[in-house]
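Q: structure here, sequence nowhere to be found:
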């Protein structure tokens with residue numbers, strides 16, 4: 001199945017976009033959307049294979065993750081490219097499957113009054129393989145974390161600026 005979610009502005013919702021199904025879906029593209037002021041995730045995916053998330057802005061997200069794409073376990077491929085993640089109360093991305101995050105800007109992650117829990121990074125691979133390339137992680141406010149990215153198989157051409165808050169970095 002080919003699905004395109006394009007050019008939307010979503011504000012003030014619990015979950016911005018939920019891509020899920022009882023059977024694995026493929027060919028999902030989420031492109032050019034602005035998702036802001038969500039109480040939970042801006043994007044939640046499960047049982048979706050081969051998803052492309054391109055050119056979106058995720059701003060002012062209060063959930064544990066702005067994007068929770070962890071439902072893939074070790075199946076499926078995910079490409080996150082040219083996205084902007086701004087002013088996130090907690091973490092930016094949880095992922096599984098084969099994930100590539102490239103040319104994305106992460107600015108103001110973990111800015112809640114209580115920073116991210118100890119050992120919770122801005123980008124968290126929970127299963128599968130993760131490549132992060134050409135990204136900028138700026139103003140990442142973490143507690144007790146040694147990097148803004150956990151579990152990546154490859155990190156290249158990526159700048160990370162961590163800020164200690166209520167703990168040491």
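A: Ah, there it is. In this text the structure is predicted, and so the values were computed from the model without any measurement. Numbers count the residues shown, from 1 in each chain.

Q: what's near enough to touch the residue positioned nearest the centre of the chain?
A: With distances taken as C-alpha atoms, centre = their mean, residue 93 lies nearest the centre of the chain, 2.5 Å away. Counting by C-beta atoms under 8 Å, 6 or more residues apart in numbering, residue 93 touches 65-67, 69, 80, 85, 101, 122-124. For glycine as for every other residue, the C-beta is placed from the backbone atoms N, C-alpha and C.

Q: residue 141: which of the residues you listed is nearest?
A: Closest to residue 141 out of the contacts of residue 93 is residue 122 (9.3 Å), distances taken as C-beta to C-beta.

Q: hmm, the closest one is touching residue 148, no?
A: Yes - assessed by C-beta atoms under 8 Å, residue 122 is found in contact with residue 148 at 4.2 Å.

Q: need the overlap of contacts for the two.
A: Common neighbours of residue 122 and residue 148 (C-beta under 8 Å, 6+ apart) are 106, 109, 137, 140, 142.

Q: those into a markdown table, with extra columns for pLDDT, distance to residue 158 and neighbour count?
A: Listed next are these as a markdown table, based on pLDDT from 0 to 100; distance: C-beta to C-beta, whole Å; neighbours: other C-beta atoms under 10 Å:
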| residue | pLDDT | distance to residue 158 | neighbour count |
| --- | --- | --- | --- |
| 106 | 94 | 10 | 29 |
| 109 | 87 | 14 | 30 |
| 137 | 92 | 7 | 24 |
| 140 | 83 | 12 | 29 |
| 142 | 67 | 16 | 26 |
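
Q: flag the shaky bits of this protein, pLDDT-wise.
A: Scanning the chain for pLDDT under 70 picks out 1, 21-24, 71-75, 113-120, 142-147, 164-169.

Q: again, only this time at 50
A: Along the chain, segments meeting pLDDT under 50 span 74, 167-169.

Q: from the contacts of residue 93, which two are the most distant?
A: By the measure C-beta to C-beta, 69 and 122 form the most distant pair in the contacts of residue 93, at 14.3 Å.

Q: ok, the two, which is more surrounded?
A: It is residue 122, of residue 69 and residue 122, that has more neighbours when counted by other C-beta atoms under 10 Å, with 28 against 25.

Q: residues near residue 134, how many?
A: 14.

Q: I figured it hits residue 100, correct?
A: No - using C-beta under 8 Å, residue 134 and residue 100 do not qualify as a contacting pair, with a distance of 10.5 Å.

Q: if I look at the closest residue to residue 98 other than its chain neighbours, how far off is residue 137?
A: Ranked by C-beta to C-beta, 6 or more residues apart in numbering and with sequence neighbours excluded, the top spatial neighbour of residue 98 is residue 77, at 4.6 Å. Going from residue 77 to residue 137 by C-beta to C-beta, to the nearest Å gives 22 Å.
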